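Asker: model this:
(2 chains)
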Amino acid sequence: MVFGVLIGAAEMLSPGSYTNVEYTWLHLAPAPGPFPNGLSLVAGTLVDPISALMLLVVTIVGFAVMLYSIEYMHHDSGLPRYYSELSLFLAAMSGLVISDNLLEFFIFWELVGVCSYFLIGFYYDKPSAASAAKEAFIVTRVGDVMFLLGIFIYFYHYALAGPIGSGGWAANGFVFTRGSQPFLASSVRGSSTLLTVAGIMILGGAAGKSAQFPLHVWLPDAMEGPTTVSALIHAATMVAAGVYLLAVASLFLGFTSFDLLLIVAIGGFTAFFAATMAVVHPDIKRVIAYSTISQLGYMVLAIGAGFAMLGLFHLFTHAFFKALLFLAAGSVIHAIGTQDLFKMGGLRKTMRLTAAAFAIGGLALAGIPPFAGFWSKDDILAAVYSDLGSHPAYWPFFLLAYAAVFLTAYYIFRAWFLAFSGEKPRDPTLPEAHEAPWVMRIPMIILSALAVGGGLLIFWPSFDSLLLYGNGVGGIPPVYGSTEIVLSSVSVLLAGGGILLAWRLWGNGRVFVLAETAAAQSLRRLLLNRYYFKVGYDWIGLNGVYTVARAADFFDRYVIDGTVHGFERTFALLSDRLRRIQSGFVSDYASYVVAGLILVFVLLLLIAPYLVSAWGGI
Amino acid sequence: MTSLAEIGFVALSSALLAIGLFGILTRRNFILLLIAIEIAMNAAILNFIYFAAFSSGTAGLTGQAIAVVVIGFAATEVAVGLGIVLALNRVKGTINVARATELKL
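Answerer: Below you'll find the model as predicted:
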């Protein structure tokens, strides 16, 4: 962890530097085909501004969560398993962010995926946790397959391209190389169908990992894992890997214009779509999970609009305040043993620090200055707005993302008011709440400090230079003019309005009962059932995939196995017959020998004339 | 040139071989079996002897030397065979080979 922070700090002090160490583990000689100059596969590390940024996030949040887990998990019997899986995850995540080529990236990508699977299913004796783990694994697998296809297309297509060395990209191990601009020169963009497909594949991989629409269904269910895992993996780091992938792809490979529009569309739509589902949910962790999906949507939106570094900046701040929210929620769950917001209430009095931490996280999430979320989110909105002139097609998605600001502030403060305000818990049977022990408080304090001050880091020139990525390939943040200030003010007002509405409806122990009109209730049901996506996917799984699987099973069992077993039975029958000649009577064997001898003599006599002529006579 | 004597000798050794093989295939008594094997083997030795007698030079000496060596081998073979007979008699109480059929599936 210390090491990671040191690397991050060193990168900050030498702006735009680019350190690459690699080791070739497989080299294929030149051969005709798609790789005429040979093919190298390398394992290497690359430290550049974006990986330095990610290293800071991974190590700081990882440290906080490890510390917090000491207390949060201490009563659990699977503790060795928990820590070993968490350590494996941290190692894989660190490896992922410093990978220097897509193949190595993919290996670590799968490793973090399997760690996520393990940890979601940590309480494997609970059926809901086991099925959530499976769901997460299968849904991200859809994305992973697309990602791998995307890698193949890029490798194939760019085998001879690239600004480094001789022989092209393939011969140099597909290492990420930064030239004056991405591989995909702007003249090619939008013209190649193959590259558009590759971009869509990469986007699919990122959407699976970062739970973007339509592969978003697994993340809320992933909350079945321990809260610490949700904080580290499903809020701060692993789900951000998808965003990181998009950023890496846009910085090193480049996307076609159609892909960019698609990325913007998915990001903007997801930001709004996930926020609507968070509005009604009664489970404190799931509310935060929907919020994660929504915030990841902002990052994707920023990358699609060409501001990769702003997306990563939001990733950076979001990691801290979202991990903080989860740790605060974990503290509540630790104290009273329920996740149901409608059973909580009045916790402000007994858990002062947790309440304050959750409030800080909420303010940062809502985007109230000077908390961290304000700087990054408003940078994104302002940047996308500045791009609208050249890309009018981005308008609806910008508006959706803008509207989501209001929802964000509303749902997170609804959770806060439900849990912490009021006089006493709504469910009187809950145990007496108590403040978390110090081991859990310290990580919350660290993350609170970062949630307050993380955004202010942009005023520190060394950090700001990270965001510029040397020469501004990752998009130059807009200069704040009067338009941007109005935009920001409006978004702050929207957020404030959201908080106010939450207070009006839920503050001071109030309970807002939705009108019994059919329209309102059906909307609520639609949101609670998550737009029926899960039902739909289950249907596809059962009727589509299961039917195909049954057909394949039939084919395997009766056609392939039938052939194999047919051979087997034939030979078994034959050998059973043959076995009977081994009678054990010595004279039987002797007669076989004699019969064989006679056979040899007869054959010799028959072929003798030919042999004689072949040897040229005796 | 093939002389009548040569044909006679070869016919004699062939007859001995046939007698030996017949004994091997039909006898159940282990000792008789060994005697039949000896007869068949003597047919081979006899072949060496008279082909050596009809040859000249080193070829003739070679045939006789081989005949002497094979007689020695036959003696050792009989010694081993009789040992097996004794062992078989101890285990089975009989020297009838038709009763020793353990080596089968």
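Asker: determine the number of other residues adjacent to residue 92.
Answerer: I'll assume chain A. 21 (other C-beta atoms under 10 Å in any protein chain shown). C-beta coordinates here come from the backbone N, C-alpha and C atoms, glycine included.
Asker: that was the other one, I meant chain B.
Answerer: Neighbours of B:K92 (other C-beta under 10 Å): 13.
Asker: mind listing what it touches?
Answerer: B:R99, B:A100 (C-beta atoms under 8 Å, 6 or more residues apart in numbering or on different chains).
Asker: measure it to chain A for me?
Answerer: 13 Å (C-beta to the nearest C-beta, to the nearest Å).
Asker: look up how far A:Q582 lies from that residue.
Answerer: 20 Å (C-beta to C-beta, to the nearest Å).
Asker: flag every residue of chain A that's near chain B.
Answerer: Within reach of chain B by C-beta under 8 Å from any C-beta of the partner chain, chain A has these residues: A:R579, A:Q582, A:S583, A:G584, A:F585, A:V586, A:S587, A:A590, A:S591, A:V594.
Asker: and which of those residues is nearest to chain B?
Answerer: A:G584 (3.1 Å; C-beta to the nearest C-beta).
Asker: helix or strand for the closest one, which one?
Answerer: Using DSSP states H and E, A:G584 sits within no helix or strand.
Asker: is it true that it touches B:T101?
Answerer: Yes. Using C-beta atoms under 8 Å, A:G584 is in contact with B:T101, at 3.1 Å.
Asker: give the contact list for the residue nearest the centre of chain B.
Answerer: In chain B, the centroid-proximal residue (C-alpha atoms, centre = their mean) is B:M41; its distance is 2.2 Å. Contact analysis of B:M41 by C-beta under 8 Å, 6+ apart lists B:G20, B:V70, B:A74, B:E77.
Asker: grab the nearest non-local neighbour of the most centrally placed residue in chain A.
Answerer: A centroid search over chain A (C-alpha atoms, centre = their mean) returns A:K209, at 2.5 Å, as the residue closest to the centre. Distances taken as C-beta to C-beta, 6 or more residues apart in numbering or on different chains put A:G242 closest to A:K209, at 3.5 Å, once the chain neighbours are dropped.
Asker: what is the neighbour count of that neighbour?
Answerer: The number of residues near A:G242, taken as other C-beta under 10 Å, comes to 28.
Asker: and it, how far from chain B?
Answerer: 63 Å.
Asker: from A:L447, how far off is that residue?
Answerer: For A:G242 relative to A:L447 (C-beta to C-beta), the value is 22 Å.
Asker: thinking again about what came up before, now the residue nearest to the centre of chain B: which helix or strand?
Answerer: Per DSSP H and E: helix B:30-54 holds B:M41.
Asker: so which bits of that helix are buried?
Answerer: B:30, B:33-52 (16 or more other C-beta atoms under 10 Å in any protein chain shown).
Asker: who's in contact with whatever residue of chain B ends up closest to chain A?
Answerer: Closest residue of chain B to chain A, C-beta to the nearest C-beta: B:T101 (3.1 Å). Residues in contact with B:T101 (C-beta under 8 Å, 6+ apart) are A:S583, A:G584, A:F585.
Asker: 6 Å instead?
Answerer: Going by C-beta atoms under 6 Å, 6 or more residues apart in numbering or on different chains, B:T101 touches A:G584.
Asker: what do you get for A:A241?
Answerer: A:A241 touches A:K209, counting by C-beta under 6 Å, 6+ apart.
Asker: please apply the same query to A:A366.
Answerer: A:T408, A:A409, A:A495.
Asker: show the pLDDT at it.
Answerer: A:A366 carries a pLDDT value of 85.
Asker: nearest residue to it in space, please, no chain neighbours.
Answerer: A:A409 (3.8 Å).
Asker: residues of the one helix or strand the one you found maps to that come out buried?
Answerer: Secondary structure assignment for A:A409, by DSSP H and E: helix A:395-420. For helix A:395-420, the neighbour count (16+ other C-beta under 10 Å) marks A:397-398, A:400-420 as buried.
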